[in-house]
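Asks: I would like the atomic coordinates for the input below:
(4 chains)
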2 protein chains.
Amino acid sequence: MEPEENAQTYDPSRYERPSVTVDVVIFTLISQELHVLLVQRRRWPYEGFWAIPGGFINMDESLEEAARRELEEETGVHDVYLEQLYTFGDVHRDPRTRVISVAYIALVRADAQKIKVSEESTDVRWWPVRALPERLAFDHDQVLAYAISRLRSKLEYTTLAFQLLPELFSILELKHIYEQILGEKLDKGNFYRKIKESDLLEETEHTREGRGRPTRLWRFRRDRASDKQFVFRWREDRIDEKR
Amino acid sequence: MEPEENAQTYDPSRYERPSVTVDVVIFTLISQELHVLLVQRRRWPYEGFWAIPGGFINMDESLEEAARRELEEETGVHDVYLEQLYTFGDVHRDPRTRVISVAYIALVRADAQKIKVSEESTDVRWWPVRALPERLAFDHDQVLAYAISRLRSKLEYTTLAFQLLPELFSILELKHIYEQILGEKLDKGNFYRKIKESDLLEETEHTREGRGRPTRLWRFRRDRASDKQFVFRWREDRIDEKR
DNA sequence: CATTAATAGTGTATGTTCTACACTAATTGT
DNA sequence: ACAATTAGTGTAGAACATACACTATTAATG
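Replies: As a prediction, this is how the structure comes out:
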């Protein structure tokens, strides 16, 4: 922000500039498993390799606007959770030219599976995080690994988990997600108490009927918790183990 | 990373490019108080305003290399803690042209006060975080606020505070740093107990004599805690306020 | 040599939160 | 009626946090 300005007038053309792209790591939950959206490259470099979707930034849009645009181009979905992850800028990460990539994480709701990823199309696919392609294009292995680790740790002390759930869900489903992510069983009674105290859920009239008492469905109250704010956390000491 | 490539050959010049700068928010402790290094602008825009030091990225250096270069240019110091903070890219944050800034945080050790900031020079100064200039240049108020908040929250679950301390320090000095950054008084007794339990400190034979009982000096045990790992935390509920 | 000032701790009562587990309640299909 | 399933409540004990009073050690000062 304070370049060596020796000239009287600022002349940006004096400086050679890198390209700037925005890449978006898009997560969703498909049948209780975490998936990520990848696209297959059709030309050099890394032809045939899978890559994180992204594109050049336009001069008239902010970084986040660019990320949302990419996201909507790829999935047709808007109104999703979006967060800046990290900026990758190694000199030779793209063999064509100097490219700096601002990476974002997006969480797409499970019920928003209207996602326009056609089954036939071979070049855009949801990949389960547990079984990813061997080697991604560019430095995208690194980007994706970082995105996953960030997601895991943030799920433990933010309300991010709600962003992955469908609009309506039961408390036991919510508990199940937490158990999946934390890798341990949680006490049912304590879970009910905590989630109620947190005041994060809004009761709905909807139920889902089955064998026994109908499942009551709830909705996440966005107004009660911006994602910047901690509200709900399990096993505080687990926070210890990361970052 | 996957621009719309319709041409057979990739031609980067088709895209108009933003400038990319790296800004470094440099913190240190001066007489037990947290300070940040700012530079005063000498020309339009924001002439006379204080700004976070930074500069354009060169085509042959990575982001982190650029940050280290800036850091050394400003302070003459290397071997410091450096961490990427966030990338700021609003369209009109710089009135001259489109500028995207990758911001870093640097923590400079207190005993490294060989820092070449001359007292006479009016245009580079350490500012106490408790008494910053009213309004910084560009969006640097926002950048600095974010840096401080990140520093605060990371302090609570990492061993970052030790990066600010000299090689040898007393327990009360350590407590003082925590108080500075957290902005609240801590209980002496509880502090002693916790820091002892944590097993993070190594006793040394050194003391510093003064009026009363000599101050015992300690050393941080790097082996016991990488900064990625939680080890020491105060007031867990404060974690709420971040990210 | 007593006093003072500073660091370096210990003790403990009280309150808050976590944890485990037993228990009750509601609703529906069979 | 009863089995199955979701939906809770109650509670004792453990663990942890907080506040504050107290003791101990050492060296400079007069």
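Asks: so what are the domain limits for chain A?
Replies: A:15-155, A:160-241 (automatic domain parsing).
Asks: so which of those domains is the most packed in?
Replies: domain A:15-155 (a mean of 18; mean count of other Cβ atoms under 10 Å in any protein chain shown). Glycine gets a C-beta too; all of them are placed from N, C-alpha and C.
Asks: Name the surrounding residues that touch the top helix by length along chain A.
Replies: Looking across chain A with DSSP state H, the single longest helix is helix A:140-155. By Cβ atoms under 8 Å, 6 or more residues apart in numbering or on different chains, the residues outside helix A:140-155 that reach it are A:23, A:25, A:27, A:34, A:36, A:50-52, A:85-86, A:88, A:101, A:103, A:105, A:107, A:129, A:132, A:135-136, A:160-161, A:181, A:242-243, B:1, B:243.
Asks: Starting from the longest strand seen in chain A, tell me which strands it pairs with and how they run.
Replies: Ranked by number of residues, the top strand in chain A under DSSP state E is strand A:19-30. Note on strand A:19-30: by DSSP bridges, its sheet partners are strand A:33-40 (antiparallel), strand A:54-56 (antiparallel), strand A:99-108 (parallel).
Asks: quick one: which of those is nearest B:K188?
Replies: For B:K188, the closest of the strands paired with strand A:19-30 is strand A:99-108, at 41.9 Å, according to Cβ to Cβ.
Asks: from the chain's centre, how far out does the closest one sit?
Replies: The chain centroid and the centroid of strand A:99-108 are separated by 9 Å under Cα atoms, centre = their mean, to the nearest Å.
Asks: now stretch A:193-200
Replies: 25 Å.
Asks: That one and chain B, any residue contact?
Replies: No - Stretch A:193-200 stays clear of chain B (Cβ under 8 Å from any Cβ of the partner chain), getting no nearer than 11.9 Å.
Asks: what pLDDT, on average, does that stretch get?
Replies: Averaging pLDDT along stretch A:193-200 yields 85.
Asks: and chain A, which of its residues are near DNA strand D?
Replies: Applying Cβ under 7 Å from any atom of the strand, we find that chain A lies next to DNA strand D at A:170-172, A:188-190, A:192-193, A:196, A:210-216.
Asks: Now tabulate the strands paired with strand A:19-30 in JSON lines and tack on mean pLDDT.
Replies: Output for the strands paired with strand A:19-30, formatted as JSON lines (pLDDT from 0 to 100):
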{"stretch": "strand A:33-40", "mean pLDDT": "89"}
{"stretch": "strand A:54-56", "mean pLDDT": "95"}
{"stretch": "strand A:99-108", "mean pLDDT": "95"}
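Asks: follow-up on the earlier one: just give me the lowest mean pLDDT stretch among the domains of chain A.
Replies: Lowest mean pLDDT of the domains of chain A: domain A:160-241, a mean of 75.
Asks: State the distance from A:F49 to DNA strand D.
Replies: To DNA strand D, A:F49 is 42 Å away according to Cβ to the nearest atom of the strand, to the nearest Å.
Asks: What residues does that residue make contact with?
Replies: With contacts defined as Cβ under 8 Å, 6+ apart, the neighbours of A:F49 are A:40-41, A:133, A:135-137.
Asks: returning to what we had before: want to throw the domains of chain A into a markdown table with distance to B:E64?
Replies: What follows is these, written out as a markdown table (distance: least, Cβ to Cβ, whole Å):
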| stretch | distance to B:E64 |
| --- | --- |
| domain A:15-155 | 8 |
| domain A:160-241 | 26 |
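Asks: Which one of the ones you listed lies nearest to B:V124?
Replies: So among the domains of chain A, domain A:15-155 is nearest, using Cβ to Cβ, at 22.6 Å.
Asks: Work out the gap between that closest one and the centre of the chain.
Replies: Worked out by Cα atoms, centre = their mean, domain A:15-155 lies 9 Å from the chain centre.
Asks: same deal with stretch A:167-174?
Replies: Distance of stretch A:167-174 from its chain centroid, counting by Cα atoms, centre = their mean, is 20 Å.
Asks: Quick one: end-to-end distance for it.
Replies: End-to-end distance for stretch A:167-174, by Cα to Cα, to the nearest Å: 12 Å.
Asks: again, but for stretch A:72-92
Replies: The separation between the terminal residues of stretch A:72-92, taken as Cα to Cα, is 29 Å.
Asks: And stretch A:84-93, by the same measure?
Replies: The stretch stretch A:84-93 measures 19 Å between its terminal residues, going by Cα to Cα.
Asks: So is that stretch next to chain B?
Replies: Yes - using Cβ under 8 Å from any Cβ, stretch A:84-93 reaches chain B at A:84, A:86-91.
Asks: how close does A:K196 get to chain B?
Replies: The gap separating A:K196 from chain B is 19 Å, by Cβ to the nearest Cβ, to the nearest Å.
Asks: swap that for A:D60, please
Replies: For A:D60, the distance to chain B - Cβ to the nearest Cβ - is 6 Å.
Asks: Now that residue. Nearest residue, chain neighbours left out?
Replies: Nearest non-adjacent residue to A:D60, counting by Cβ to Cβ, 6 or more residues apart in numbering or on different chains: B:V91, 6.1 Å away.
Asks: I'd say the one you found and B:R98 touch.
Replies: Yes - counting by Cβ atoms under 8 Å, B:V91 touches B:R98, with 6.5 Å between them.
Asks: what sits in contact with each of these two?
Replies: A:M59.
Asks: give the contact list for the residue nearest to A:D60.
Replies: By Cβ under 8 Å, 6+ apart, the contact list for B:V91 reads A:59-62, B:98.
Asks: Dump the residues you listed into CSV; add distance to B:L200 and secondary structure as well.
Replies: Output for the contacts of B:V91, formatted as CSV (distance: Cβ to Cβ, whole Å; DSSP: H, G, I helix; E, B strand; the rest coil):
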residue, distance to B:L200, secondary structure
A:M59, 49, coil
A:D60, 50, coil
A:E61, 46, coil
A:S62, 41, coil
B:R98, 45, coil
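Asks: Among the contacts of A:F49, name the ones in strands.
Replies: A:Q40.
Asks: how about the helices in chain A?
Replies: For chain A, the helices defined by DSSP H cover A:63-75, A:140-155, A:160-164, A:171-182, A:188-198.
Asks: List the residues that contact A:R125.
Replies: Listed by Cβ under 8 Å, 6+ apart, the contact set of A:R125 reads A:37-38, A:40, A:50, A:117.
Asks: cool, A:L160 as well?
Replies: Contact analysis of A:L160 by Cβ under 8 Å, 6+ apart lists A:81, A:107, A:151, A:154, A:227.
Asks: Could you check how far it is from A:G48?
Replies: Distance from A:L160 to A:G48, counting by Cβ to Cβ, to the nearest Å: 33 Å.
Asks: next one: A:Q84
Replies: As for A:Q84, its distance to A:G48 is 29 Å (criterion: Cβ to Cβ).
Asks: Quick check: closest non-adjacent residue to A:Y104.
Replies: Among residues not flanking A:Y104 along the chain, A:A67 sits closest, at 4.2 Å (Cβ to Cβ, 6+ apart).
Asks: The one you found touches A:A106, doesn't it?
Replies: Yes - judged on Cβ under 8 Å, A:A67 makes contact with A:A106 at a distance of 7.4 Å.
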